[in-house]
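Undergrad: Quick check, what structure comes out for this input:
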Amino acid sequence: MNRRKLTKAERQAVYDKCHGHCAYCGCELEFKDMQVDHVVAFNLIHDESTETMLNYLPACRSCNYYKSTMTIERFRDSIEKFPQVLIRDSVTYKNAVRFGLVEPKPHKIVFYFEKLGIEVNK
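TA: Down below sits the predicted model:
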């Protein structure tokens, strides 16, 4: 199954879902910069359920790239582990924490679209 190209009206409807914000981090998006994320990755399930408005969310390039083919819950878990990964893998981050320049604040992640009460495929 080939991914079909969304019409301008469909892209506008996706953009409007989150009022011009990334569905995940909530940053403001210009329409031209929006990427359309497949909530359930297109390449994991090859059926019509991946090509519906319930499966599309507006995303910034960073969130869409990082999420890739992850499920929503796997993406959430991955983000929640950022502080541990950074302290383990980044000497610069570790030093910034030691010198009080950065303070890790681990917490449960609630995506922007969830705060808006938007229904999606899961």
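Undergrad: So for the residue located most distally from the centre of the chain, what's the pLDDT?
TA: For the chain, the largest distance from the centre (C-alpha atoms, centre = their mean) belongs to residue 99, which lies 31.1 Å off. Predicted confidence (pLDDT) for residue 99: 98.
Undergrad: again with the one 4 residues further on
TA: On pLDDT, residue 103 comes in at 95.
Undergrad: From residue 96, how far off is the nearest residue to residue 84 once chain neighbours are set aside?
TA: Leaving aside its sequence neighbours, residue 84 sits nearest to residue 106 (C-beta to C-beta, 6 or more residues apart in numbering; 7.8 Å). C-beta: built from backbone N, CA, C; applies to glycine. Relative to residue 96, residue 106 is positioned 16 Å away (C-beta to C-beta, to the nearest Å).
Undergrad: Looking at the two, which one has more neighbours?
TA: A count of neighbours by other C-beta atoms under 10 Å puts residue 96 above the other of residue 106 and residue 96, at 15 against 10.
Undergrad: Could I get the contacting residues of the more buried one?
TA: Residue 96 makes contacts with residue 102, as judged by C-beta atoms under 8 Å, 6 or more residues apart in numbering.
Undergrad: Backbone dihedrals for it, please?
TA: phi -60, psi -40 (degrees, to the nearest 10).
Undergrad: Per-residue pLDDT of it, please?
TA: You'll see residue 96 listed with a pLDDT of 97.
Undergrad: next one: residue 52
TA: The pLDDT attached to residue 52 in the predicted structure is 87.
Undergrad: Right, I'll leave it there.
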